[in-house]
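Colleague: I would like to see how this sequence folds:
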Amino acid sequence: MPKIRTNRSAAKRFKLTGTGKIVRHHAKSAHIKTKKSPKLKRNLRSSAIVHKADERRVYRMLGL
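Modeller: Below you'll find the model as predicted:
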């Protein structure tokens, strides 16, 4: 059996925490910031944990 290749785009977007959870960045924070409120932009800056339903798919893309 060949090795499972890591999806390189996923490897750049997701990081693992020490406990094995997957950290992601928020969407809608890259451009057109003039119409977004300061509160929304502030909240988008922080990272988030990948939802339980998507964890298995992301783990597979990361080759774990």
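
Colleague: make it CA atoms for all contacts and neighbour counts henceforth
Modeller: Noted.

Colleague: Distance from the one helix or strand residue 41 maps to to the middle of the chain?
Modeller: Element membership of residue 41, judged by DSSP states H and E, is helix 38-45. On the basis of Cα atoms, centre = their mean, to the nearest Å, helix 38-45 sits 17 Å off its chain's mean C-alpha point.

Colleague: Following the chain past that helix, name the next helix or strand.
Modeller: Taking DSSP H and E, what comes next after helix 38-45 is strand 48-49.

Colleague: What pairs with that next one, parallel or antiparallel?
Modeller: Applying DSSP bridges, strand 48-49 is found paired with strand 22-24 (antiparallel).

Colleague: what about residue 15, distance to residue 29?
Modeller: Per Cα to Cα, to the nearest Å, residue 15 is found 18 Å from residue 29.

Colleague: and if you look at residue 63?
Modeller: Counting by Cα to Cα - residue 63 and residue 29 are separated by 27 Å.

Colleague: What residues sit buried inside the helix holding residue 41?
Modeller: For helix 38-45, the buried set under the neighbour-count rule, 16 or more other Cα atoms under 10 Å, comprises residue 44.

Colleague: try stretch 4-16
Modeller: Buried positions in stretch 4-16, judged by neighbour count with 16+ other Cα under 10 Å: 10, 14-15.

Colleague: Then stretch 16-33?
Modeller: Going by neighbour count (16+ other Cα under 10 Å), the buried part of stretch 16-33 is 22-25.

Colleague: Of all pairs in the residues you listed, which one is the farthest apart?
Modeller: With Cα to Cα as the measure, no two of the buried residues of stretch 16-33 lie farther apart than 22 and 25, at 10.4 Å.

Colleague: Any buried residues in the helix ranked longest in the chain, and which?
Modeller: When the chain is scanned for its longest helix (criterion: DSSP state H), the result is helix 52-61. Buried residues in helix 52-61, defined by neighbour count with 16+ other Cα under 10 Å: 58-59, 61.

Colleague: Using CSV, list the CA coordinates for that helix.
Modeller: C-alpha atoms of helix 52-61 as CSV (Å, rounded to 0.1, in the frame of the first residue of the first chain):
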residue,chain,number,x,y,z
LYS,A,52,-16.9,17.6,15.6
ALA,A,53,-18.7,16.7,12.4
ASP,A,54,-15.8,17.9,10.2
GLU,A,55,-13.0,16.6,12.3
ARG,A,56,-12.7,13.1,10.7
ARG,A,57,-12.5,14.7,7.2
VAL,A,58,-9.8,17.2,8.2
TYR,A,59,-7.8,14.5,10.0
ARG,A,60,-7.8,12.4,6.8
MET,A,61,-6.7,15.4,4.7
